[in-house]
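**Q** Kindly return the folded structure for what I paste below:
(chains A and B)
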Protein chains: 2
Amino acid sequence: MSAPIIAIDAMGGDFGPHCIVRASIAALAEHPSLHLVLVGQAPLIEDLIAQSPTVDRARLRVEHAGEVVAMDELPAKALRGKPDSSMRVALELLHSGRVQACVSAGNTGALMALSRFVLKTLPGIDRPAMITAVPTRAGCCHLLDLGANVDCSAEQLYQFAVMGAVAAQALGVSRPRVALLNVGTEEVKGNQQVKLAASLLRRARGLNYIGFIEGDGLYRGDADVVVCDGFVGNIVLKSSEGLASMISARIEALFSSSLAARMVGLLALPLLRRLRADLAPAQHNGASFLGLQGVVVKSHGAAGVEDFKSAIRRALIEIEENLPQRLYGRLEDLLL
Amino acid sequence: MSAPIIAIDAMGGDFGPHCIVRASIAALAEHPSLHLVLVGQAPLIEDLIAQSPTVDRARLRVEHAGEVVAMDELPAKALRGKPDSSMRVALELLHSGRVQACVSAGNTGALMALSRFVLKTLPGIDRPAMITAVPTRAGCCHLLDLGANVDCSAEQLYQFAVMGAVAAQALGVSRPRVALLNVGTEEVKGNQQVKLAASLLRRARGLNYIGFIEGDGLYRGDADVVVCDGFVGNIVLKSSEGLASMISARIEALFSSSLAARMVGLLALPLLRRLRADLAPAQHNGASFLGLQGVVVKSHGAAGVEDFKSAIRRALIEIEENLPQRLYGRLEDLLL
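**A** Prediction:
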């Protein structure tokens, strides 16, 4: 296969182009066959690249885009009012086949709206879903949807389950156990959409559907793919991030509460900090949009250099695994 | 005020009467004016009490109930088929005024159904809500609903907000900041129910409504009362418990990964274990049912002795603060 080329929206995210350019240059060093196209305000980006004179410019190109989608901008405005935004130009590069994936740390709603408009969804898919890998006791679990869809029908939950299973398989899980997130594990539990989605999933051949899972089962690793609507998924993910960061803060405070505690902290904190990346999964791993005709990875808005590099790595794997094409093949068999 | 009397469902919970009797005896020692009525299979309970010969029997009575609601029993069956269950007899004691509160670690759905049937809701309240105190960076936050209501209308979310504010005030928060849990903080974000509830809350006089809050804001302590439907609340709470217990397990594993790490662990783990209670809030604190004509506290099914004692303490505070009466007074002003 030819060398992978990824378009990077260099203007998105809370930390701006500085951080994204650094992450891109680091990713080029890590993946010798990778090519990147940095999309955004060319003079600014060229200045930032110039700070790293050893970078292999044969694998790093800059594409100018005059506009930027703000982090709090309404998706409709980004869609109608900014034809030359870095996000949109990056997606157009993907649509035209000049790159094989797009990575952005920008406004999630705008990225979703622009992706649907520019790339279109796969046949049979109503709306794309956002998925990320969440750490569990047993390893990791693929959670979707994460906020792209706040109200979901049972059919959409079913589509998410199918897409999540295919994505997990592409990422190396041999026969992914698929579960619906619910308030109990008995058949009678849950709202109408979840109960109806369960009855659709029970009839799906070739899908390893294991039933309902509760919130604690998610982190226990009881399933490989956990499906919920975007309202629930977004709140679960963000509250998990909030809890993890509160626990980190409390641990730091604990080890500065007395002189003796500070001494222990000197030894213990370096070990404990290793857990950090595990504790903010979406920030670290990035999230993919599934169901589009192309690979789009959403890096966390607050992503640092390492986090953005992880998002690029995720895009690379999805290119190598040809994820949209695999999804397309499986959806034909499994969709209703 | 007269000495507080609480009815204890001695048969509920995952660990059975043994744990509940021990917790009850410990609570009597801790609160010299407290009286308890242990409800359940009298011979069994008497045997367990007999193991603590120093207990003050003048403050500890046993009331026989011949049936037990199983942890996985359907609420409808508990309601119609078991007139003599320990849970129901305890609630009847409360309804008749012979006790001032009821504490159970039993089947949550059955406790809710029986409470509504036996005690009735306060005027103007459609359905009771479950509330608990969740630890935050700043202290704690009162989260409701936790699973009693999987589908909620905007009006119900509004009622939960009013009840949550009154409960927080009774527990010592002077002007509680009330927020709706959502996938974003902008007005356009969220599903229909949440958006409509926001417009009702913005118009409510005397309520300190501060708008939408995201999952991470919950643990950051951005609000004192956080309102969501029971589907979301149950999943947020259980996934938080699961994440916290996964982090505990990873920390223990980290400190046994090498000889050097084990040495550090000998010093660090006793400190870290202090965080445990914080990490499983609902298990530790218990949850109250708000909106009923009486104080009902639901202890976690997996509650140990200390946890069940905390639930008894919560019931005591609600009796002292006369919470149902206070709710009734405020609801008249604030309900639509």
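
**Q** Okay, the residue nearest to the spatial centre of chain A and A:G230: tell me how far apart.
**A** Geometric centre of chain A, nearest residue: A:A287, 0.3 Å, by CA atoms, centre = their mean. A:A287 sits 11 Å away from A:G230, going by CB to CB, to the nearest Å. (Glycine included, C-beta is placed from N, CA and C.)

**Q** A:V295 now?
**A** Taking CB to CB as the criterion, A:V295 is separated from A:G230 by 20 Å.

**Q** out of these two, which sits in the more crowded spot?
**A** The neighbour count for A:V295 versus A:G230, taken as other CB atoms under 10 Å in any protein chain shown, is higher for A:V295 (27 against 24).

**Q** Verify the stated contact: the more buried one with A:I319.
**A** Yes: counting by CB atoms under 8 Å, A:V295 touches A:I319, with 5.8 Å between them.

**Q** okay, and the common contacts of these two?
**A** Common contacts of A:V295 and A:I319, defined by CB atoms under 8 Å, 6 or more residues apart in numbering or on different chains, comprise A:100-101.

**Q** Kindly list the longest helix within chain A.
**A** In chain A, assigned by DSSP state H, the helix with the most residues is helix A:230-254.

**Q** Next secondary structure after the helix or strand of chain A at the bottom of the mean pLDDT ranking?
**A** Every helix and strand of chain A was ranked by mean pLDDT, DSSP states H and E. The lowest is helix A:281-285, at a mean of 62. Next along the chain after helix A:281-285, taking DSSP states H and E as the criterion, comes strand A:287-290.

**Q** Go through that following strand and flag the buried ones.
**A** Residues of strand A:287-290 classed as buried by neighbour count (16 or more other CB atoms under 10 Å in any protein chain shown): A:287-290.

**Q** Please compare the residues you listed by their distance to chain B and name the closest.
**A** A:A287 (13.9 Å; CB to the nearest CB).

**Q** Could you report the pLDDT at the closest residue to that closest one other than its chain neighbours?
**A** Counting by CB to CB, 6 or more residues apart in numbering or on different chains, A:A287 lies nearest to A:T132, which is 4.1 Å off, once chain neighbours are set aside. Listed pLDDT for A:T132 reads 92.

**Q** In a helix, A:T132, correct?
**A** No: counting by DSSP: H, G, I helix; E, B strand; the rest coil, A:T132 falls outside a helix, being strand.

**Q** thought it was touching A:L290?
**A** No: if you go by CB under 8 Å, A:T132 and A:L290 don't touch, sitting 10.8 Å apart.

**Q** Which neighbours do these two have in common?
**A** Common contacts of A:T132 and A:L290 (CB under 8 Å, 6+ apart): A:L144.

**Q** okay, now the domains of chain A?
**A** A:1-122+A:291-322, A:126-281 (automatic domain parsing).

**Q** Lowest mean pLDDT across those domains, which one is that?
**A** Note on the domains of chain A: domain A:126-281 shows the lowest mean pLDDT, a mean of 89.

**Q** list the contacts for the closest residue to chain B within the stretch 51-200 of chain A?
**A** Across the stretch 51-200 of chain A, the shortest distance to chain B (CB to the nearest CB) belongs to A:V183, at 4.3 Å. Taking CB under 8 Å, 6+ apart, we find A:V183 in contact with A:189-190, A:214, B:147, B:150, B:230-231, B:234-235.

**Q** Tell me how far it lies from A:A154.
**A** A:V183 sits 16 Å away from A:A154, going by CB to CB.

**Q** And A:I319, by the same measure?
**A** As judged by CB to CB, A:I319 and A:A154 stand 32 Å apart.

**Q** if we can go back for a sec, for B:L275, see how far away the residue of the stretch 51-200 of chain A closest to chain B is.
**A** 27 Å.

**Q** follow-up on the earlier one: give the contact list for the residue nearest to the centre of chain A.
**A** Per CB under 8 Å, 6+ apart, neighbours of A:A287: A:130-132, A:146, A:297-298, A:300.

**Q** Nice, that's everything, thank you.
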